[in-house]
Each structure stands twice: as structure tokens, then as C-alpha cells.
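In: Sequence and predicted structure below; questions after.
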Amino acid sequence: MTPVAPWRSLFPHSSSEPLNPLLNGPSTGPGTLASGTPAVAQPMSRRAVAKLLSGLGAAALSAPLASVPLSVAPLSAARAQDRYLDVRPGGEFKPVSIAVTNFAGENTGPNHPTGVIINNFRHSVFLNPLDPKTFISDTAPLDQAPQMDPWKAINAQFVVTGRSTRTADGRLQTEFRLWDVTSGQQIAGQQYVTDPSNGRRVAHIISDTIFSRITGEKGFFDTRVVFVDETGSRDRRRKRLAIMDQDGANVRYLTRGDDLVVTPRFSPSSQDITYMSFGAADPKVLLLNIETGQREVVGNFPGMTFSPRFSPDGQKIVMSLSQGASSNLFTMDLRSRNTTRLSDSSSIDTSPSYSPDGAQIAFESDRGGTQQIYIMSSSGSAPRRVSFGDGRYSTPVWSPRGDYIAFTRQKGSSFGIGVMKPDGSGERILTEGFHNEGPTWAPNGLFLMFFRDVPGQGGPRLFMVDLYGRGEFPVPTPSYASDPAWSPLLN
Amino acid sequence: MGFHMSVGSPGARIFGARGVKLAMALSVALAIAACAKNPADDPTALAGYGAGGRGGAATPGSPQDFAVNVGDRVFFESDSSELTQTAQATLDKQARWLQQYNRYNFTIEGHADERGTREYNFALGARRAEATKNYLAARGVPASRMRTISYGKERPVATCDDISCWSQNRRAVTVLGAGQS
């Protein structure tokens, strides 16, 4: 009964495509860089490549790029440096300064790559995009190494050059190069030809490529967020599932708002969403295929099911079932439809979240008197409490890297978002206030998104914070918003 | 104190179109109740209007009668599903009324305040509805007439971001359904 925007309408032309890497720093060896010769293809999943290639002519693949002066020696130097900023040891890093020059070409407007990339980097914490107003030279020629002195003068450590033009057949061709100011060498470069409607995605993919080249970590810009859009008065709130790019662009609604919906979560493929919905009978966990719009109830449970989440392989959904005064954890296998009980207590067991290897499940339980975080094997055995700090600990979410569990902590009259190691050590509260709830990880495990209520503001808003609590940013949404869930990387 | 109650809220939705005037009067009564620091301490507040006999008293056995003269909701302490003395007194009255007028099936809605996480609050609301159901069943109301649902913190009746409202939102509401005729 609720119309769902199909996947294809979200990505009407799923054809963005990396082309002719000029120089793919670490993966390109000396001697393979004859002028104009396509170098190593950008690593992409086979499925993604197949998807992207569909509908594209082969001509684009062989589009020659002007020669770039390169020498062998600096390349070796670039290879020796796997990363320029190690973001893992802790929060005591100094962000690297990067100058993103204006991409030349006729592709202008809100999807212009320069603005999208700079906005991304402003929320990246680890990269500090310099204000273009401070640039001594505004643009740099794409096809030759820029003069580095003007960039050294403003303390830029890296410079991005690029252009975005239209091909003869109307497609968007976007190229960029990343230069290390200190060595004067190009350390990354890619070209993409795609339908113009994918302009923002290309800018996000470029952002990820640059972020990865500098930090050695996966990116997180070419991602989406599913969340609950909230409108209307608080006692009659209208809630709709919505999906958008991580920077708030391209908002689409997945449900109409007739039924109350909460806690959407992505499948590992980003093609399905599981969430809780109130309908005519008991509230239930549903599964929504974004591509087809098809919805189904997950399992045939005798009571309210809630708090669903996918297993890392996408084959199971784990959730709570309310029966009597207790709530226990169950899984349903999406292929066999078999349901399995994981916990059997008189307590409230909820908010289950798998470890990335699928072997364990973190969850919250009040079996000890108040909400605390527990970990058990994914078959339900050997539960053990891991949160022992001061307060009530809830909504555990395992980092995609496995190194941390994010949580909501209620202490006194404040609600904070924090992380701890899976053994309960190393607890850090990243943000705290009247009400912060429901963390979700960026796919690289370096950032969290959550929702925040502030008294008198009428409703919640989304925010993101980095793993160390160094930077916190509002995430733009059209209305009040809650229950964000970050997608895996799309590229 | 920032309290308001819409006509569509659980306490008022039982009124048909012809009951609008009464519903408005009831809203006033509920608003007065809302000003008590803890409504659980003042069981007469919700029933005050009907008992006052200010004209047009509800027809005995009608949903209005139940809401006005019996009280359709009980309140809970923070993070608790225990029925207070006050709540038990209200449910005793509910049980007598529901046995007298046994044509009604009904739904017990469990709710939580906003000072908890979403998933836990669904479970907490379910516990409150269950506690209410069990109490009524123990007082002789057939379980077959009851169904429960939890709304967690999704449907507050009072929205003022402080304890005067949260205490009203921690509730279980007995919503009469269609008669069995």
C-alpha cells in the first residue's frame, strides 16, 4: 500500500565509471606509465563493474588523456609511502591541509565536483580543506604538474587539480589528480565518464579516492543514509523512511507515512532495508527491497518483533520478539525462513548487532537490573556482560572493522554516544547532552552518525562525529530526523 | 507548562463526532490533571469531570462513562512496570466496570516516556501493558477480551521536555474497542 521508490529511480543511470587511471600511485609500478597508456584499472567489485559497464559504450574506455610528465623515481618514492596520515593510533593527529582547486569545464552548478569534494572534506576531520580564497593561484593546469611554491606558501600539503567536461555524446567526463606538494609528485589520478546525473557520485568517489590515498583507510563519502523523516506534532508524529546521500543530497522517501516506522537498517548489499512498522495488527519487523519496492513481514512470530539488523552475510535478520513481560532475541534465515531462538530470559534483550565476522552478537539486556551491553556467540551461547561503566548502556553497534562497539549511555539526566572495545575496555564518550541516541557506523569505522534531541527544538536532528570525538557536524535533512543507518560503501 | 492534548489522542479518540463537546470538556479535565506534579498521585483528577455532575453526565456503560468516571489510564514510575497503589485502585475500578459492561473488547496500550532508548522503550511499554493485562485478568476480566500493544516512546500525550510531561507519558491506556453486540 505504500509506494516505494525503486532502486533504479534512485540511480536512474547506474553508469558512473572510472576510466584510464593516469597513475594509480601505489599499485602502479615504474615503467608502466608510457604517455597515454591506460594504467592499472581501479579496483572495483566485479558486480559493480558489471553494473557500471551496462549501458556504456566502449569508446569511453579508450578515450585518450593528454600525456602527463612523469618520472620513475618519484613514483618509487610515492609507493614507499602507503599513507600520509595514520588515523588509527588516537585523536592526537594533525589534520593534513589540502587545496582543492576549481575543476575547470562546463559542468557547473550544485553538482560541481569542487564544491561537493570540499564539503566532504570539511566533515572529514582528518583532512583540512583550505579556503579557496587563500589560494595564490586559483586553478592549476590539469595536464602538467602544478608549480608547488604557491601551495607551499599557504601551507598546503596536497593539491587536487581536475576538470569536468561533457563528451561529444553528452556524457560527463571528470578527471582529477592528487599532488603531494612536498615531493611535487602526483600520487593519485583517475578519470570517470558517466551520465551527467551521476555527477555527485563521481565527486564522492573522487573524495573517497583522495581520502584513502592520504590516510590508507577506506573512504566513506560514496555512501547513503537511511533514516526516519519526522513531521507533524510530537504526539501524532508522522514518520517516513527516507534515504539520502551521506551529505544530505538526493533525499527520497521510501514509505508514505501511513504507518509508524522506526529503526531502518541496511543489508550488506544496500539493496534491502529491514525496519519495524506499525500496521493493523502487532508491530512487526519488515523487509523492504529498495529495487523492487517489495515488502514482506520477517518471520511468523506470535507478538511484536522489533529492533532488527542484518547479519554480515545478509542471510539472516536478528531481532527481538516481545512475549509477555520479556523480550528475547531470534534470527530468521532469509533463505530457509527458519527462525531460531537465541535467548530465553525473563528480561528485555534487544538491540542485537553482529560482529563483522558474524561469530558474535552484541546486545543490550536488563537481566542484571539495568540496561547493559552483553556479548554472546551468534548461536546464543556464553553471554557475558561487557559494559561496567557508570550508567545505563544500550544500542550496541559493532564497528565494521570490529575494533569498537558504539553505544548510547544514559547517565543521570544526560544521554551520550560512546565507543568501547569489545572486551569493554577503552571506553570513550564522544558526545553527551540532553538526548543523543542510536549510533550507526560509517563503513570505514572512523565516523558515527546518531540523532539528537534538544529541549525546545521540537524534534530530533542527525549529527556525525569521528571516532575520537574531535569533530562533530550536523547532517542536513529536510525535516526532523532520527534512527540513521549508514550504508556500506557503494563503490 | 507546555502541556497540550490533541482531540485525536488516546483519551479522546473514543468519542464520535457527536461527542466533540464532551471531548473538549474532557480535554480540559485532562489538562487540569496534567498540572499535577505526578498524576499518579491524584487518581480523582481524571474522573473529576464526570463525578462533578456538571450537566450531561456520560451514559452509564458508554466509553465516555469509562474514560470519565473510571479512568482509562494508569501511570508508572520511571523505568518501571510495577503497578503503584494508585494504579491498582484505578484498575480495580476498570475491572468492575469491564465486568459489568462485558460487551467490550479492548486494547491495552503500553507507553514509555522519552527518557529511554527507542528499542528498550518498546519492550518497556510491552511490559507495562502486560502488567496491566495480568492485573485485570486476576480481577476476573477474561484475557480473551484483551489485546496489548506497545508504542514505546512514539506516542507521548504530553510534550514539554521535562518531568511533568514524562510522568504522564509513562502509562498504560485501556482503549475500548468495538462492542461484541
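Out: That came in fine, so what should we check first?
In: Is chain B within reach of whichever strand or helix holds residue A:264?
Out: Following DSSP states H and E, the helix or strand that holds residue A:264 is strand A:261-266. Yes: for strand A:261-266, a contact with chain B is found by C-beta under 8 Å from any C-beta of the partner chain, at A:262-263. (C-beta placed from N, C-alpha, C; glycine too.)
In: got the CA positions of the next helix-or-strand element following that strand in PDB?
Out: Sequence-wise, the next helix or strand downstream of strand A:261-266 (DSSP H and E) is strand A:272-277. Taking C-alpha atoms only, strand A:272-277 is exported to PDB below (Å, rounded to 0.1, in the frame of the first residue of the first chain):
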ATOM      1  CA  ASP A 272      17.300  -4.200   1.200                       C
ATOM      2  CA  ILE A 273      16.200  -2.400   4.400                       C
ATOM      3  CA  THR A 274      14.800  -4.100   7.500                       C
ATOM      4  CA  TYR A 275      12.800  -1.900   9.900                       C
ATOM      5  CA  MET A 276       9.900  -2.000  12.300                       C
ATOM      6  CA  SER A 277       6.500  -1.000  11.200                       C
END
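In: So whichever helix or strand comes after strand A:272-277, near chain B or not?
Out: Under the assignment DSSP H and E, the closest C-terminal helix or strand after strand A:272-277 is strand A:284-289. No: Strand A:284-289 lies apart from chain B when judged by C-beta under 8 Å from any C-beta; the minimum separation is 11.3 Å.
In: okay, how far is it across stretch A:274-282, tip to tip?
Out: For stretch A:274-282, the first-to-last residue distance is 16 Å (C-alpha to C-alpha, to the nearest Å).
In: thinking again about what came up before, can you list the strands that the strand holding residue A:264 pairs with?
Out: strand A:272-277 (antiparallel) (DSSP bridges).
In: Can you give me the buried ones in the top helix by length along chain B?
Out: For chain B, the helix with the greatest residue count under DSSP state H is helix B:118-138. Across helix B:118-138, burial judged by 16 or more other C-beta atoms under 10 Å in any protein chain shown covers B:118-133, B:135-136.
In: quick check, that helix touching chain A?
Out: Yes: legend: contact between helix B:118-138 and chain A by C-beta under 8 Å from any C-beta is shown at B:118-120, B:122-124, B:126-127, B:130-131.
In: got the angle for whatever helix or strand comes next after that helix vs strand A:261-266?
Out: Under the assignment DSSP H and E, the closest C-terminal helix or strand after helix B:118-138 is strand B:146-152. Strand B:146-152 and strand A:261-266 are oriented at 60 degrees to each other (axes from the mean of the first three to the mean of the last three C-alpha atoms, to 10 degrees).
In: need the residues of chain B near chain A, please.
Out: Taking C-beta under 8 Å from any C-beta as the criterion, chain B approaches chain A at residues B:5-6, B:8-9, B:79, B:81, B:114-120, B:122-124, B:126-127, B:130-131, B:149-151, B:154-159, B:161-162.
In: Distance from the chain centre to stretch A:438-456, please.
Out: 11 Å (C-alpha atoms, centre = their mean, to the nearest Å).
In: how about that stretch against chain B, any contact?
Out: Yes: Stretch A:438-456 lies within reach of chain B by C-beta under 8 Å from any C-beta, at A:438, A:453, A:455-456.
In: so can I have a markdown table of the residues of helix B:118-138 next to chain A showing distance to residue A:117 and pLDDT?
Out: As requested, the residues of helix B:118-138 next to chain A are exported to a markdown table (distance: C-beta to C-beta, whole Å; pLDDT from 0 to 100):
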| residue | distance to residue A:117 | pLDDT |
| --- | --- | --- |
| B:118 | 35 | 98 |
| B:119 | 37 | 98 |
| B:120 | 40 | 98 |
| B:122 | 41 | 98 |
| B:123 | 44 | 98 |
| B:124 | 45 | 98 |
| B:126 | 47 | 98 |
| B:127 | 50 | 98 |
| B:130 | 53 | 98 |
| B:131 | 55 | 98 |
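In: Which residue ranges of chain B form strands?
Out: Here chain B has its strands, by DSSP state E, at B:73-75, B:104-111, B:146-152, B:171-179.
In: next SSE after the longest helix along chain A?
Out: Assignment by DSSP H gives helix A:199-215 as the longest helix of chain A. Scanning forward in sequence from helix A:199-215 by DSSP H and E, the next helix or strand is strand A:224-231.
In: In the chain, where is pLDDT below threshold?
Out: Looking at chain A here, since you left the chain open. By pLDDT under 70, the low-scoring segments of chain A are A:1-81, A:106-108, A:138-140, A:280.
In: sorry, should have said chain B
Out: Low-confidence segments of chain B (pLDDT under 70): B:1-56, B:178-181.
In: let's go with 80 and repeat that
Out: Scanning chain B for pLDDT under 80 picks out the ranges B:1-57, B:178-181.
In: From the geometric centre of chain A, which residue sits farthest away?
Out: Residue farthest from the centre of chain A, counting by C-alpha atoms, centre = their mean, is residue A:324 at 37.6 Å.
In: I figured that one hits residue B:130, correct?
Out: Yes: between residue A:324 and residue B:130 there is a contact under C-beta atoms under 8 Å: 5.6 Å.
In: I'd like the strands of chain B written out as a markdown table, with mean neighbour count added.
Out: Putting the strands of chain B into a markdown table (neighbours: other C-beta atoms under 10 Å in any protein chain shown) gives the following:
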| stretch | mean neighbour count |
| --- | --- |
| strand B:73-75 | 25 |
| strand B:104-111 | 22 |
| strand B:146-152 | 22 |
| strand B:171-179 | 20 |
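In: between the ones you listed, which gets nearest to residue A:112?
Out: Nearest to residue A:112 among the strands of chain B is strand B:146-152; the distance by C-beta to C-beta comes to 43.4 Å.
In: can I get the CA coordinates of that closest one in CSV?
Out: Coordinates of each C-alpha in strand B:146-152 appear next as CSV, following Å, rounded to 0.1, in the frame of the first residue of the first chain:
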residue,chain,number,x,y,z
MET,B,146,-7.8,-8.1,25.9
ARG,B,147,-5.1,-7.4,23.5
THR,B,148,-1.9,-5.5,24.2
ILE,B,149,0.3,-3.2,22.1
SER,B,150,3.3,-1.2,22.9
TYR,B,151,4.0,2.2,21.4
GLY,B,152,7.3,2.7,23.2
